[in-house]
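Q: predicted model, plus sequence, below.
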Amino acid sequence: MEPTPARAPHRLDPSGGCPHADNARLLARGAVAPVVLPGGIDGMAVLGHEALREFLQHSDVAKDAQHFRALKEGRIGAGWPLLTFATVRGMTTADGDDHRRLRSLVSRAFTPRRVEELRPRVEELTASLLDGLARAARAGDGIADLREHFALPLPMGVIGELLGVDAEFRDRLHRLSNQVVATDIEPEAVVAANRELVAVLTAVAEARAERPGDDLTSALIAARDEDGDRLGPQELIGTLVLMIIAGHETTLNLITNAVRALCGHRDQLELVRAGKASWADVVEETLRWDAPVSYFPFRYPVRDLTLDGTLIPAGTAVLAGYSAAGRDAAAHGPDADRFDVTRSARTGAVRHLSLGHGAHYCLGAPLARLEATVALERLFTRFPRLRLAVREDELSRHASFVGNSVRALPVRLGD
């Protein structure tokens, strides 16, 4: 098949916004789209489900920024808002044997058994946060920001405890990670946020090295692979950066988006209450229908690659378009735009790719699913009449085309 002729690139809006209208327009033109990244850097986005599935496991696609042509040519400065995604040292920017070594060291300290052992703590923390949400609503004339008082502190509390991060650092780490994933941030703020984030996590690592505990950071410091290798200092801090960001930002958006979806589709909520769908079904449909990550940076073809008839030149920075793939009608049917918690059971539809695919599949997926299912079940059991306090179109969107959610979620608990 001859590659599709180049078409006008889509300029990604650094201020974010709801991605679905743009996704639909781009998907109508093809599964792969040229885009313009901040700073006028040319890139590509893979939007179609099958094309993305192929791309995520393609042997000619790398994660190491040594393949990033614009970076190698010196066209990207220190304040570029997406630089951390490209250059942070860790398993998400490593390939081949190096990736397997890093992932092995992390996975040994982050096993499914360890995740399941967290369930009582997740349930305990959820109950405490629901009490806090009720107090916030009473103090706010019946309205509380569910994102601030529930969807954020739950995953941040869990990942903070898992990593051995003291509670006083957690608000600071959220603020910093929020700046790191923002795409509308000024260069000076980018540099400052990254420097401060590294400094905080370096202090956490030094404390755990001096006083090891039953936490993941201590385990990562002590972990060695079968050849005796261990995480180097930059790899350790890079891993902590990635785990802090991925360990709470994604789940924060997932819980927020699921509550929005259920409040806007009461019939779907009633199906769950009637036992015709599970809370796990809600989580999976939310991941598909309103993925917590819209465009995830970066992967790079190591040679010219033709994907779904479109040429992606070697060294191009490519975004994984998870929110677009989740609503691809070619994979999910003509009603892909509809939120339907019975979809998988009813149609046997293709599973989403919102947690990745292939060698870089999200290592924290079991924890995200655990937190979200517990959170939603307990939330709607405690507050069965919970509803949004404003119209959906009045919600302000997250200032990023990476993360996909809203800045705040004001709700009335109805209790």
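A: Great, that's in hand.
Q: quick one, strands of the stretch 1-150 of the chain?
A: Shown for the stretch 1-150 of the chain, the strands assigned by DSSP state E, counting those that start in this stretch span residues 10-11, 32-37, 41-46, 61-62, 143-145.
Q: out of these, which comes closest to residue 177?
A: With CB to CB, the closest approach to residue 177 among these belongs to strand 143-145: 18.6 Å. To be clear about C-beta, it is placed using only N, CA and C from the backbone, and glycine gets the same treatment.
Q: give me the sheet partners of the closest one and which way each runs.
A: strand 410-412 (antiparallel) (DSSP bridges).
Q: just how off-centre is the strand it pairs with within its chain?
A: Relative to its chain's centre, strand 410-412 lies at 24 Å (CA atoms, centre = their mean, to the nearest Å).
Q: repeat for stretch 243-251
A: 7 Å.
Q: next, the buried residues of that stretch.
A: By neighbour count on 16 or more other CB atoms under 10 Å, the buried set for stretch 243-251 is 243, 244, 245, 246, 247, 248, 249, 250, 251.
Q: what about the residue nearest to residue 365 when sequence neighbours are not counted, which helix or strand?
A: Leaving aside its chain neighbours, residue 365 sits nearest to residue 355 (4.6 Å; criterion: CB to CB, 6 or more residues apart in numbering). Using DSSP states H and E, residue 355 maps to neither a helix nor a strand.
Q: for residue 286, same thing?
A: Using DSSP H and E, residue 286 falls in helix 279-289.
Q: now the element after that helix, going C-ward?
A: By DSSP H and E, the next helix or strand past helix 279-289 is strand 295-301.
Q: now do that next one against strand 32-37, angle only.
A: 110 degrees (axes from the mean of the first three to the mean of the last three CA atoms, to 10 degrees).
Q: the residue nearest to residue 365 and residue 367 touch, don't they?
A: No. Using CB atoms under 8 Å, residue 355 makes no contact with residue 367, being 11.1 Å away.
Q: what residues are up against the residue positioned nearest the centre of the chain?
A: Centroid-nearest residue in the chain: residue 250, 3.4 Å away (criterion: CA atoms, centre = their mean). Listed by CB atoms under 8 Å, 6 or more residues apart in numbering, the contact set of residue 250 reads 292, 293, 362, 364, 368.
Q: apply 6 Å and report the result again.
A: Residues near residue 250 by CB atoms under 6 Å, 6 or more residues apart in numbering: residue 292.
Q: just residue 208 next, same as before
A: Taking CB under 6 Å, 6+ apart, one finds 164, 217, 218 in contact with residue 208.
Q: distance of it from residue 106?
A: 15 Å (CB to CB, to the nearest Å).
Q: looking at it, the residue nearest to residue 365 is touching residue 364, isn't it?
A: No. Between residue 355 and residue 364 there is no contact under CB atoms under 6 Å: 8.6 Å.
Q: give me the below-cutoff pLDDT ranges for this protein.
A: Residues of the chain meeting the criterion pLDDT under 70: 1-6, 108-110, 224-228, 347-349, 415.
Q: buried residues in the lengthiest helix in the chain?
A: In the chain, ranked by residue count with DSSP state H as the criterion, the top helix is helix 233-264. For helix 233-264, burial by neighbour count (16+ other CB under 10 Å) applies to 235-263.
Q: quick one on the thing from earlier: pull the CA atoms of the helix holding residue 286 into CSV?
A: In CSV, the C-alpha atoms belonging to helix 279-289 read as follows (Å, rounded to 0.1, in the frame of the first residue of the first chain):
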residue,chain,number,x,y,z
TRP,A,279,-18.5,-1.6,39.4
ALA,A,280,-15.7,-3.2,37.5
ASP,A,281,-17.8,-2.8,34.3
VAL,A,282,-18.1,0.9,35.1
VAL,A,283,-14.4,1.3,35.5
GLU,A,284,-13.6,-0.5,32.2
GLU,A,285,-16.3,1.5,30.3
THR,A,286,-15.0,4.7,31.7
LEU,A,287,-11.5,3.8,30.6
ARG,A,288,-12.8,3.2,27.1
TRP,A,289,-15.3,6.0,26.8
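Q: now it: how far from the chain's centre is it?
A: The answer for helix 279-289 is 14 Å, by CA atoms, centre = their mean.
Q: ok, and the closest non-adjacent residue to residue 212?
A: residue 218 (4.1 Å).
Q: thinking again about what came up before, may I see the contacts of residue 208 organised as CSV, with secondary structure and distance to residue 309 added?
A: Formatted as CSV, the contacts of residue 208 follow (DSSP: H, G, I helix; E, B strand; the rest coil; distance: CB to CB, whole Å):
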residue, secondary structure, distance to residue 309
164, coil, 49
217, helix, 46
218, helix, 50
